[in-house]
Structures are given as structure tokens and as C-alpha cells.
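> Everything below, folded, please.
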Amino acid sequence: MQQIYPMKLAPHVVTPIWGRETWVLSTHANGSCTVQNGAYAGMDFAQLYREQPGLFGNACAGRDFPVLVKFIHARDDLSIQVHPRDSDTHVLAPGEAGKTECWFILHAEPGAKLVMGFQHAITPEQFAQSIEDGSLLKHTAQLPVQAGDFFHIPAGTLHAIGAGITLAEVQQNSDTTYRVFDYGRLQNGQLRELHVAQAKAVTDLVSYTAQPSDEYFTARRVRNPQGVAGESSFVSLVVLQGEGTLTCANQEPMSIAEGDSIFLPAGLGAYAVQGDCEILLTHV
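Sure, this is the predicted structure:
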């Protein structure tokens, strides 16, 4: 019998050479969360999605789970990279989605920057030449950032997170990245793989002008949210700062604190966060 209650999720942690990723809402084959409490305690979150799809809402029916939420802690610069669109089937691996994403900047060291698109539109020939001769950075737009900033990054946008930045990312449920430039770094004594041909095929060679969009998911940074988890979609609550209490209809109150990821199943009903919590709220 299906059990509907607020679930705390244990994250999947990734430690690439540049820092750390903490996947706090994930069913992806490369790293799924685990339910920590209640009737489904110990269950892999991807297994829960397969076996109890009704908990995720009508908007998720008949398809792979649509989102992935993570924290990114960049100790060093990430590679300059691009993600494909759903429509880029000529380069996507079977079963893998495109990756549009958005970033909520939580912390930035003085002088920290993002690479985001190009300073001005360039031709495919200029793009190819800049990759070959190592001058790509000269063509990119580099944006200073601070805590509180928000960026929407459509698939096809050339981008990179700079050293000293911590952010929360909400994205399509994909782990496909095409690295274009990686500063000549070694991993296990070898240069990390680049994906130049794929990047050439999918990169938008223009300046960054993206505006927020709810096409693939809705994500908001809110303080002490309250609302309703209806039949159409689950609600994900990730605590960015502070601590408090989550109350839900016909459920025991739950203490929550910074870093916690709470999954509210579709149909749970009314919920409210009390205390002093900044929450990343996501649904589809």
C-alpha cells in the first residue's frame, strides 16, 4: 500500500578534482538519493520512483523523473563546458536527456566569476580555431558573482563555474557534459577527456541573454514557505540556511536544518515551514 508522508533524503556525494557535488534530489543512475525515514526508509529513491510513481504526481507520469537538485562547491575552476538539448539526439547517449539548469549562488569569494556564453557572437570556424589554439577564454563572457545571484542556463550555453563559488543547482535529470577546455589538468596522470566534436554540434555561439523559464521545472528561493502538495506534482524542499519545523497535514512535525532535503509526495496536502529557514523549493 502506498504511504504518503514527508521523506528526508540522504544525498549522493561526488568528489571531482575541482571540489564536491552533493546530489540532494536524484533518481539518476549515476547517483540516486536514499530515503532516510518512515515506511520507505533505506529505499533507493530511483526504486521508489519505479515502484510508487503515484507519489511523484501526474506531471511525472510516463517518463523518467524530470529533475535533479544538487549543491556544487567549487574549490577550483570547473571546465568550460556545454550541455545538449533534448532535441540533440544525434549526440545524446540512448536514454539520456538534455540539460537546462539554473543556479542559486550561495557563496562567492571576492573576485569569483562565472564563464557564461561569449562576449559577442562568433562563427563556428572561430569557435573551432579558439579551441584548437587555446584562446577560447578570450572569447567568453566572464561575470562577477555574489551571494543571492540567480542564473538560468539553457542547454547549449557555454559556461563554467569559477573557483570559490558555492551554489545550488536545479537541472533536468541528466549527467551529460561536453568539456571543451580543462586548463590542461591531469586526473590519475592523464588529461581529462574533452568532447570537442559534441560541443561544436550543440553550442550556441552567442552572448548570454537568458531569462528565467519554467519550461522544465519551477524552482524558487523562499523563506519559510507554505503551500499545498497537490496531485499534479511532488514538492522538494532543500534547506539552504537556518533551521525550523516542517508541519504537514495529518503528519508529525519534522525538525529541519541547513542541508536537509525533504521530499513531499504528490497528494500530501498542506505544508508549512516555521522558524527561520531559507528554502530551495522545486516542483514540476
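> Stretch 83-92: end-to-end distance?
With C-alpha to C-alpha, to the nearest Å as the measure, the first residue of stretch 83-92 is 10 Å from its last.
> Centre of the chain to that stretch, how far?
18 Å (C-alpha atoms, centre = their mean, to the nearest Å).
> What are the contacting residues of that stretch?
Contact partners of stretch 83-92, identified using C-beta atoms under 8 Å, 6 or more residues apart in numbering, comprise 97-101, 155-157, 172, 174, 176-178, 198, 201-202. Heads up, the C-betas are built off the backbone N, CA and C, glycines and all.
> Tell me which of these fall in strands.
Secondary structure assignment by DSSP state E places 101, 172, 178 of the contacts of stretch 83-92 in strands.
> Which residues are in contact with the second one?
Right, Gln172. Here Gln172 is in contact with 66-68, 86, 97-101, 155, 216-217 (criterion: C-beta under 8 Å, 6+ apart).
> Compare those and tell me which is most surrounded.
Leu68 (28 neighbours; other C-beta atoms under 10 Å).
> Which residues belonging to the helix or strand harbouring it are considered buried?
Element membership of Leu68, judged by DSSP states H and E, is strand 67-74. Residues 67-74 are the ones in strand 67-74 that count as buried (16 or more other C-beta atoms under 10 Å).
> Name the nearest of the residues you listed relative to Gly111.
Gly111 lies nearest to Ala74 out of the buried residues of strand 67-74, by C-beta to C-beta, at 13.2 Å.
> what's the distance between that closest one and Arg220?
To Arg220, Ala74 is 23 Å away according to C-beta to C-beta, to the nearest Å.
> Any idea how many residues pack against Tyr49?
For Tyr49, the neighbour count with other C-beta under 10 Å is 17.
> So it, which state does it fall into?
helix (DSSP: H, G, I helix; E, B strand; the rest coil).
> surely it meets Val67?
No. Between Tyr49 and Val67 there is no contact under C-beta atoms under 8 Å: 11.5 Å.
> For stretch 191-198, measure first residue to last.
18 Å.
> how far is that stretch from where the chain is centred?
Distance, centroid of stretch 191-198 to centroid of chain: 22 Å (C-alpha atoms, centre = their mean).
> which outside residues touch it?
By C-beta under 8 Å, 6+ apart, stretch 191-198 touches 17, 79, 84, 91, 131, 177-182, 184-186.
> one more time with 10 Å, if that's ok
For stretch 191-198, the external contacting residues (C-beta atoms under 10 Å, 6 or more residues apart in numbering) are 16-17, 79-82, 84, 88, 90-92, 127-128, 131-132, 176-187, 201-202.
> Those residues in strands, which ones?
Going by DSSP E, the strands hold 80-82, 178-181, 186-187 from the contacts of stretch 191-198.
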